[in-house]
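Q: What would the 3D arrangement of this be:
(chains A, B, C and D)
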Number of protein chains: 2
Amino acid sequence: MDDELKLKSQVCFPVYALSREIVNVYRPILDEIDITYPQYLVMMVLWENEPQQVNEIGDKLNLDNGTITPLLKRMAAKGLISRKRSSNDERVVEISLTEQGKLLQTKAAVVPQKVVEAMGITPEDLKQLKELVIKILNRAK
Amino acid sequence: MDDELKLKSQVCFPVYALSREIVNVYRPILDEIDITYPQYLVMMVLWENEPQQVNEIGDKLNLDNGTITPLLKRMAAKGLISRKRSSNDERVVEISLTEQGKLLQTKAAVVPQKVVEAMGITPEDLKQLKELVIKILNRAK
DNA sequence: CACTATTATATCGTGCACGATTTTATTTCA
DNA sequence: TGAAATAAAATCGTGCACGATATAATAGTG
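A: The predicted structure is shown next:
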């Protein structure tokens, strides 16, 4: 049998498995502040700068608008963000943080440390992983 | 602002983004043999050994049965696999390849090379990535 | 031998994730 | 200026992904 078609030979499968494992590690930690991992990513984008357009957020997270639009709607329904049509350009929807969304940042401050602890990963491996993944990601896109 | 809550500081986000990018690279390639990436993973598990129980496949792919059961049902509906209750233990469902499922292996032989080309990744980075990700994955679980 | 615990699978509900298409607004340029 | 092109969001359909729960069969135990 062709070795390349064996699961053990795969490089992509461990990445796919690690990605899901990461989300599973985040889940119980983010449950405490009542958001999901993709929602947490959106919040990080907005804590850094707001308001932002739907597409700006999608570009930063590499999510297309078929994903980001319903994601933002769930977040708006939860009271974390607000959506307003731009008066300059009626096509654009500006996403801003609500007071509740701003306050969540304080509660989220403990998340990074908790995740590192839960994953049991060393800072060296972390750094190496990030550099390598970003290198590959940049080439792939 | 707390730097740890910035997207740029994140390690997990690049892994999550790379995982989705990988699936997106596979998509057009696997479209030609009419399967999805998770279905391709199941096929690899079965090409290596069959029949296998539902849970055996799920364990190898780290997928719980809320994911694997409907996935296998779609594959059975497509004619790639067959599902049969074990006569020894009526709880167990044995998953086997159909003739069509076996034949697909030949058509899939070109997939690994095509993916490597499409990703534009060097063999050294590939090897390094795999080792690092597996190391982290083993610690996290 | 019943009664409880365990195991294997299925089901249900929610939330991504993406391609394809649609809708509406703005821009371009003949 | 008005038709065609482009751009921003939204919508639709399909397929994961997972926790929680349910169902049914087998195993263990007093």
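Q: Any idea how many residues pack against residue A:137?
A: 17 (other Cβ atoms under 10 Å in any protein chain shown). Yep, even glycine has a C-beta here, placed from its N, CA and C like the rest.
Q: correct me, but it touches residue B:15?
A: No - at 9.3 Å, residue A:137 and residue B:15 do not qualify as touching, with contact defined as Cβ atoms under 8 Å.
Q: intersection of neighbour lists for these two?
A: Common contact partners of residue A:137 and residue B:15 (Cβ atoms under 8 Å, 6 or more residues apart in numbering or on different chains): none.
Q: sec struct for residue A:89, please.
A: coil (DSSP: H, G, I helix; E, B strand; the rest coil).
Q: Helix or strand with the lowest mean pLDDT in chain A?
A: When the helices and strands of chain A are scored by mean pLDDT, DSSP states H and E, helix A:123-140 comes last with a mean of 88.
Q: touching chain B at all, that one?
A: Yes - Helix A:123-140 is in contact with chain B by Cβ under 8 Å from any Cβ of the partner chain, via A:125-126, A:128-130, A:132-137, A:139-140.
Q: between that helix and helix B:123-140, how big is the angle?
A: Orientation check (axes from the mean of the first three to the mean of the last three Cα atoms, to 10 degrees): helix A:123-140 against helix B:123-140 gives 140 degrees.
Q: which outside residues touch helix A:123-140?
A: If you take Cβ under 8 Å, 6+ apart as the criterion, helix A:123-140 is touched by A:15, A:116, B:11, B:14-15, B:17-18, B:21-22, B:25, B:119-121, B:125, B:128-129, B:132-133, B:135-136.
Q: Show me just the buried residues among those.
A: Buried members of the contacts of helix A:123-140, counted by 16 or more other Cβ atoms under 10 Å in any protein chain shown: A:15, A:116, B:11, B:14-15, B:17-18, B:21-22, B:25, B:119, B:121, B:125, B:128-129, B:132-133, B:135-136.
Q: ok, how many other residues are close to residue A:58?
A: Close neighbours of residue A:58, defined as other Cβ under 10 Å, add up to 21.
Q: Excluding chain neighbours, what is closest to it?
A: Distance criterion Cβ to Cβ, 6 or more residues apart in numbering or on different chains; nearest residue to residue A:58, sequence neighbours excluded, is residue A:68 at 4.2 Å.
Q: give me every residue that touches the one you found.
A: Neighbour list for residue A:68: A:54, A:57, A:58, A:61 [criterion: Cβ under 8 Å, 6+ apart].
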